[in-house]
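Novice: Turn this into a model:
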Amino acid sequence: MRPSLMTAVLALATTGCATSGFEQLYPGMTPAQVANTMGRGPARAQEFQDSSSAWYFDEDHCVLMRDNVLVGKSTTQTRTAVHTPVGTLKDQDKAFCGPPGSEGNANREQTLQTPLGTFKGTVDPAAVTEQVKNSVRNQKVPPPPPADGATQATQPSP
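Specialist: Residues are numbered from 1 along each chain as shown. Below is the predicted model of the structure:
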């Protein structure tokens, strides 16, 4: 194997390992078992008032820990993925781990990729249309010539 190909294979393998253990996680695991299965601890954690905490391994995978036991896990779910020659739209419910009743804090993210740019967040069609109109309004377009071909005379203002 050539060194560059070997490097690419190793990079791909280590990237895949970041969440490969996630499918093996199950309720009742201790924090040490979770970290051991994942091969590392969480990238970030969020504490809640009920003494539970969410461990995020990346933006698409998390577990909910309560009383030093895994009680739930979540992954990002893609609702819609539309690919066209003009653009791509992806609508996702991002991974969220929180105690019961905190589901309202879950994030939904939409990504719209077009030749004009990438719009990320909650994509509101009216907001995207307005943003495109605003970018076009900044360009000065000369008015069309009169239909009869004659030039219009302008009167100087006093």
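Novice: And the strands in this structure?
Specialist: For the chain, the strands defined by DSSP state E occupy 44-47, 52-58, 61-66, 69-75, 77-83, 88-93, 108-114, 117-121.
Novice: ok, and the helix or strand in this protein with the lowest average confidence?
Specialist: helix 3-20 (a mean of 40; mean pLDDT, DSSP states H and E).
Novice: Let me see the residues that make contact with stretch 72-92.
Specialist: Stretch 72-92 has contacts (Cβ atoms under 8 Å, 6 or more residues apart in numbering) with 22, 25, 27, 59-64, 93-97, 108-115, 123. Quick note: C-beta positions are derived from backbone N, CA and C, even for glycine.
Novice: Stretch 26-36 now?
Specialist: Contacts for stretch 26-36 (Cβ under 8 Å, 6+ apart): L25, T37, G41, W55, V63, M65, N68, V69, L70, V71, G72.
Novice: Just among those residues, which is most surrounded?
Specialist: In terms of neighbour count, V63 stands highest of the contacts of stretch 26-36 at 24 neighbours, by other Cβ atoms under 10 Å.
Novice: Show the contacting residues for it.
Specialist: So V63 contacts L25, V34, P42, A54, W55, F57, L70, G72, K73, S74, C97 (Cβ under 8 Å, 6+ apart).
Novice: In a markdown table, list the contacts of stretch 26-36 along with pLDDT and distance to G101.
Specialist: Below are these laid out as a markdown table (pLDDT from 0 to 100; distance: Cβ to Cβ, whole Å):
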| residue | pLDDT | distance to G101 |
| --- | --- | --- |
| L25 | 95 | 23 |
| T37 | 95 | 28 |
| G41 | 91 | 27 |
| W55 | 95 | 19 |
| V63 | 96 | 18 |
| M65 | 96 | 17 |
| N68 | 93 | 21 |
| V69 | 96 | 19 |
| L70 | 96 | 19 |
| V71 | 95 | 14 |
| G72 | 94 | 13 |
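Novice: From M65, how far out is the spatially closest residue to N105 that is not a sequence neighbour?
Specialist: In this structure, N105 finds its nearest non-sequential neighbour in G98, 6.0 Å apart by Cβ to Cβ, 6 or more residues apart in numbering. As defined by Cβ to Cβ, to the nearest Å, G98 lies at a distance of 12 Å from M65.
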